[in-house]
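The following comprises the amino acid sequence and a computationally predicted model.
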Amino acid sequence: MIVLSILDKWVLSFQPLFSRQAAFQWFVLVMFGFLLRTEGEGVTSVIRCLGLASNEYVNLLHFFHSSAFSIVPLCHHWRSLVFQYAPLVLVNNRPVYVVDAIKVGKTGKKMPGVKLLHQESEDNSKAQYIMGHFWGSLCLLCGSCERFAAIPLRLQLQDGLKRSPSEKATLPDKMLRLIRETAAVPGLVVADRYYTCRNVLRGLLDDDFHYIGPVRCSAVAYHPLPPPPPPGRRGRGRPRTKGDRVKLSELFDDLSVFDQARLCLYGKVQVVRFYLIDLLWQGLPVRFVLSVTEAGRRAIFLCTDRTLIAEVIIETYGHRFTIESGFKALVYRVFGFCYRFWLSAMKKRKWGHGDQYLHRAGERHRAKVYRKVEAYERFVNLAAIAMGMLEMLSLTMSPSVWNLGSLYFRTSPVARRPSVLGVRLCLQGEVLRVFRKNEESPLLAKILAERDRAEPYEHPTRLVS
């Protein structure tokens, strides 16, 4: 009961954010549906997982379009829970935020925001172009030396819709806005090369954030401006604002000046050679770290916090892969992108269409589009919160999770922390035990008792036996 009681406590804390009790009860059912379900069939899988009657399907659809709550306050409350209960990773007493984007394939011809997207991947199994949604994600890095996890704070649909042709906001600008709206505590932002641009860096520095990210090997920086000459007659031309030009890739030519250290990267200890230098980039004073791994892979990292040492910068960026693992768990374990909400009033869009412009649509149609986009964000963010709860249980309640029940594992897992799948399997076993033994009724059982239930049926395995 200890894990279920913790989940009940976390879920009950969301109750003041709902203006109607019925909406909060559906929120509880949806959260436990995401936590327990084993199939990704959208809303239908939640109905089947909880054993609800078929007439509850329409009520559940209405929940994602309800006016009784908004997803932004829910994400802000979830952020406060993560800061309160999760073991945060701190660098210079600052939390570490990890940002990235994911492209989700959607073939619905009446789904707002669906557009032609290009997938930059070396995997031959992925199509080069897909029709789908572009989701930006902000996560908080948590964990310790044993296991790290990027707990999602908020996901936002950032591409596919344009209010007018004059809208010029780029995807890095939208990610910067997402960080400002969601991250209440200034910290260290870790991102990939796509977000390493002047607008993002200047915006983060204005809000007391710092940034770590890679740059291209062809990048160019400049030495700081040397001390001014003694007073005298000024030469021709404008005064210099920066020193000599430095091509960063040429610094790899002399590896004898590189230092060497053993660092933990991507789950294993490696010998890394690195070189640190402070330069000007896009008019900003930044710190560059050039690294060469054991396999000979070269990389150049940029950091706006010039008090960090090279080893910390390299290891901190190495934790960025946790958001990729989080995306995989959100897609394949929690089925967080299996939403299927269509807009019947919308014209069909063919394969290959780009952005959807709304400046010529009426106010009523625009309101319907934004309501549908809100439903998408509610579905995805509630699934992300459920996955975040599983991650927090894995990081904080590892012994209790392993002691919940007897599950088969080929190798002994007790020495390490459970994965999202392991926590969900143990949680399913505890829910079954609680319901069979008629123990003190948890939150889920109280709400299910007030709902219409489906007719009981024989399980196929029981029929065989």
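Looks like it came in fine.

Which strands or helices does the longest helix seen in the chain pack on?
Criterion DSSP state H: the longest helix present in the chain is helix 363-396. Applying 3 or more Cβ pairs under 8 Å, 6 or more residues apart in numbering; DSSP states H and E, we find helix 363-396 packed against helix 2-12, helix 21-36, helix 56-64, helix 71-85, strand 129-143, strand 148-157, helix 321-332, helix 420-437. The way it works is simple: take the backbone N, C-alpha and C, and place the C-beta from them, glycine included.

Could you pull out the buried residues of the shortest one?
Of the residues in helix 56-64, those with enough neighbours to count as buried (16 or more other Cβ atoms under 10 Å) are E56, N59, L60, F63, F64.

After the longest helix of the chain, heading C-terminal, what element do we hit next?
Sequence-wise, the next helix or strand downstream of helix 363-396 (DSSP states H and E) is helix 398-402.

Contacts for that following helix next, please.
Helix 398-402 is touched from outside by I2, V3, L393, S394, P413, V414, R417, P418, G422, V423, C426, with contacts defined as Cβ atoms under 8 Å, 6 or more residues apart in numbering.

If you count neighbours, what's buried in it?
Buried-residue list, helix 398-402, by 16+ other Cβ under 10 Å: S398, V401, W402.

Redo those residues as JSON lines? Include pLDDT and distance to L7.
As requested, the buried residues of helix 398-402 are arranged in JSON lines below (pLDDT from 0 to 100; distance: Cβ to Cβ, whole Å):
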{"residue": "S398", "pLDDT": "77", "distance to L7": "16"}
{"residue": "V401", "pLDDT": "74", "distance to L7": "12"}
{"residue": "W402", "pLDDT": "74", "distance to L7": "17"}
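
and which of the residues you listed is nearest K115?
For those, the closest approach to K115 (Cβ to Cβ) belongs to V401, at 40.7 Å.

Return the angle between stretch directions for the longest helix of the chain and strand 148-157.
180 degrees (axes from the mean of the first three to the mean of the last three Cα atoms, to 10 degrees).

circling back: looking at the contacts of helix 398-402, which two lie furthest apart in space?
So, these by Cβ to Cβ: farthest apart are I2 and P413, at 19.0 Å.

out of these two, which sits in the busier spot?
A count of neighbours by other Cβ atoms under 10 Å puts P413 above the other of I2 and P413, at 15 against 12.

any idea of the pLDDT on the more buried one?
pLDDT recorded at P413 is 62.

Repeat that for V434.
V434 is given a pLDDT of 71.

picking up where we left off before, output the helices and strands packed on helix 363-396 in a markdown table; the columns should cover distance to V286.
Shown next, in a markdown table, are these (distance: least, Cβ to Cβ, whole Å):
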| stretch | distance to V286 |
| --- | --- |
| helix 2-12 | 39 |
| helix 21-36 | 41 |
| helix 56-64 | 43 |
| helix 71-85 | 28 |
| strand 129-143 | 21 |
| strand 148-157 | 24 |
| helix 321-332 | 23 |
| helix 420-437 | 36 |
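
between these, which one is nearest to K174?
strand 129-143 (6.4 Å).

Which neighbouring elements make contact with that closest one?
If you count contacts as 3+ Cβ pairs under 8 Å, 6+ apart, strand 129-143 packs onto helix 71-85, strand 94-105, strand 115-118, strand 148-157, helix 171-182, helix 321-332, helix 363-396.

still on that earlier bit, and the helices and strands packed on helix 363-396: which comes nearest R306?
That would be strand 129-143 among the helices and strands packed on helix 363-396, by Cβ to Cβ, at 21.2 Å.

Buried residues in the closest one, which are they?
Applying 16+ other Cβ under 10 Å to strand 129-143 flags 130-143 as buried.

Stretch 13-27 too?
For stretch 13-27, using 16+ other Cβ under 10 Å, the buried residues are F14, L17, F18, A23, F24, Q25, W26, F27.

The first one is in contact with Q25, isn't it?
No: the pair F14 and Q25 does not pass the contact test of Cβ atoms under 8 Å, sitting 11.5 Å apart.

circling back: list just the nearest of the buried residues of strand 129-143 to I300.
L141 (21.8 Å).

State the number of residues packed around the nearest residue to G283 once chain neighbours are set aside.
Nearest residue to G283 in three dimensions, chain neighbours excluded: R198, at 7.4 Å (Cβ to Cβ, 6 or more residues apart in numbering). Using other Cβ under 10 Å, R198 has 12 neighbouring residues.

L178 is in contact with R154, isn't it?
Yes: using Cβ under 8 Å, L178 is in contact with R154, at 6.8 Å.

what touches both of the two?
With Cβ under 8 Å, 6+ apart as the test, L178 and R154 both reach L138.

Looking at the two, which is more packed in?
Higher neighbour count among L178 and R154: R154, with 25 against 19, using other Cβ under 10 Å.

can you list the buried residues of helix 56-64 in CSV and add distance to N381 and pLDDT?
Shown next, in CSV, are the buried residues of helix 56-64 (distance: Cβ to Cβ, whole Å; pLDDT from 0 to 100):
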residue, distance to N381, pLDDT
E56, 22, 89
N59, 20, 91
L60, 16, 92
F63, 14, 95
F64, 11, 95
